[in-house]
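*Asks:* next input, structure requested:
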Amino acid sequence: MQQLQDFDQYIGNLKQKLADAEQDLKKYCDKVSKIRKKYAKKLTGAVTEALKDLNFLDVKFEMEFGQTADYTANGTDDPEFLISTNPGEPVKPLGKVASGGELSRIMLAIKTVLADQDAIETLIFDEIDSGISGRTAQMVSEKMNVLAKNHQIICITHLPQIAAMADAHYLIEKSVENKTTVSKIKCLSGEESIDELARMLGGVEITEKVRESAREMKELAHQKKCH
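*Replies:* A predicted model of the protein is given here:
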């Protein structure tokens, strides 16, 4: 009865409480935003260094902060990753400038930096070896090894440097059976893995020297994983 008799005052009090609560919420959102922007500089700096190790030599990696239309559980920041992979080019949204292989390597760099904080258990990398070889491939494999200490990594690769680092090496093959294409997957034994690495190194003809190179690559990868 009291609320109905003084309804305008009752509504006025509720509106004031709502306004006060929104001011408190805005204050905490601003506080979170300042913390986020402070550590964004550290994050982008660390990711930039990780990207340089993965053959993005002239890369620029930044974060831009817009604002959400409404309040969210994460505040009012609307962050976005920006990147430039070529000198002289302005930074652009990550999804608009990177190819599939580049995105995989960029994600690898980000995940390597965040390895201790990430709650995701399994990561899948496809085409991560696109456009790379030699020392860059070795650096990719070493970073994936670091990441594998806290995550399960599934990687599709055509490079022996990356395949050699795997704890479990699987071979995927396609064949035609009864006029139908069939894909098969097989877990390789130690010697089978060396044979497959040799095939990746030497092509169709596998000589004993190529096989020895594959064995040495596997042993070096094992030493890297033990450190």
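
*Asks:* tell me which stretches of this structure form strands.
*Replies:* Per DSSP state E, the chain carries strands over the ranges 60-72, 75-84, 92-93, 122-126, 152-156, 170-177, 180-187.

*Asks:* now tell me which of those the model trusts least on average.
*Replies:* Of all these, mean pLDDT reaches its minimum on strand 122-126 (a mean of 87).

*Asks:* longest helix in this protein, by residue count?
*Replies:* The helix that spans the most residues within the chain, counting by DSSP state H, is helix 7-53.

*Asks:* angle of that one against strand 60-72?
*Replies:* Orientation of helix 7-53 against strand 60-72 (axes from the mean of the first three to the mean of the last three Cα atoms, to 10 degrees) gives an angle of 160 degrees.

*Asks:* export the strands of the chain to CSV and tack on distance to residue 218?
*Replies:* To be clear about C-beta, it is placed using only N, CA and C from the backbone, and glycine gets the same treatment. Putting those into CSV (distance: least, Cβ to Cβ, whole Å) gives the following:
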stretch, distance to residue 218
strand 60-72, 34
strand 75-84, 34
strand 92-93, 40
strand 122-126, 20
strand 152-156, 16
strand 170-177, 15
strand 180-187, 15
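
*Asks:* list the helices and strands the longest helix of the chain packs on?
*Replies:* The elements that helix 7-53 packs onto, with contact taken as 3 or more Cβ pairs under 8 Å, 6 or more residues apart in numbering; DSSP states H and E, are strand 60-72, strand 75-84, helix 100-113, helix 134-147.

*Asks:* good, wrapping up.
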